[in-house]
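Q: Need coordinates for the below:
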Amino acid sequence: MIKSALTYIKNTVIVEKILKIDGQAEAVRFFNYPYQAILVNF
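A: Next up is the predicted model:
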């Protein structure tokens with residue numbers, strides 16, 4: 001049941017934003033809430 005809850009949170013609550021910067025080969029990724037912070041509480 002905990003695994004299902006964590007999967008739900010990961011797929012619906014946590015949102016990733018990808019920012020592409022001109023002149024750089026790599027993009028910068030941001031999350032609205034760190035998934036690792038949720039795992040610490042379990």
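Q: In contact with Leu39, which residues?
A: Leu6 (Cβ atoms under 8 Å, 6 or more residues apart in numbering). Backbone N, C-alpha and C define where each C-beta goes, glycine included.
Q: Secondary structure element holding it?
A: Counting by DSSP states H and E, the element that carries Leu39 is helix 35-41.
Q: distance between that helix and the chain's centre?
A: 11 Å (Cα atoms, centre = their mean, to the nearest Å).
Q: Output that helix as CSV, nothing but the C-alphas.
A: C-alpha atoms of helix 35-41 as CSV (Å, rounded to 0.1, in the frame of the first residue of the first chain):
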residue,chain,number,x,y,z
TYR,A,35,10.8,13.0,-4.1
GLN,A,36,13.6,12.1,-1.7
ALA,A,37,12.0,14.4,0.9
ILE,A,38,8.9,12.2,0.8
LEU,A,39,10.9,9.0,1.1
VAL,A,40,12.5,10.2,4.4
ASN,A,41,9.1,10.3,6.1
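Q: Beyond the helix or strand Ser4 falls within, next helix or strand please.
A: According to DSSP H and E, Ser4 maps onto helix 2-8. Counting by DSSP H and E, the next helix or strand C-terminal to helix 2-8 is strand 16-20.
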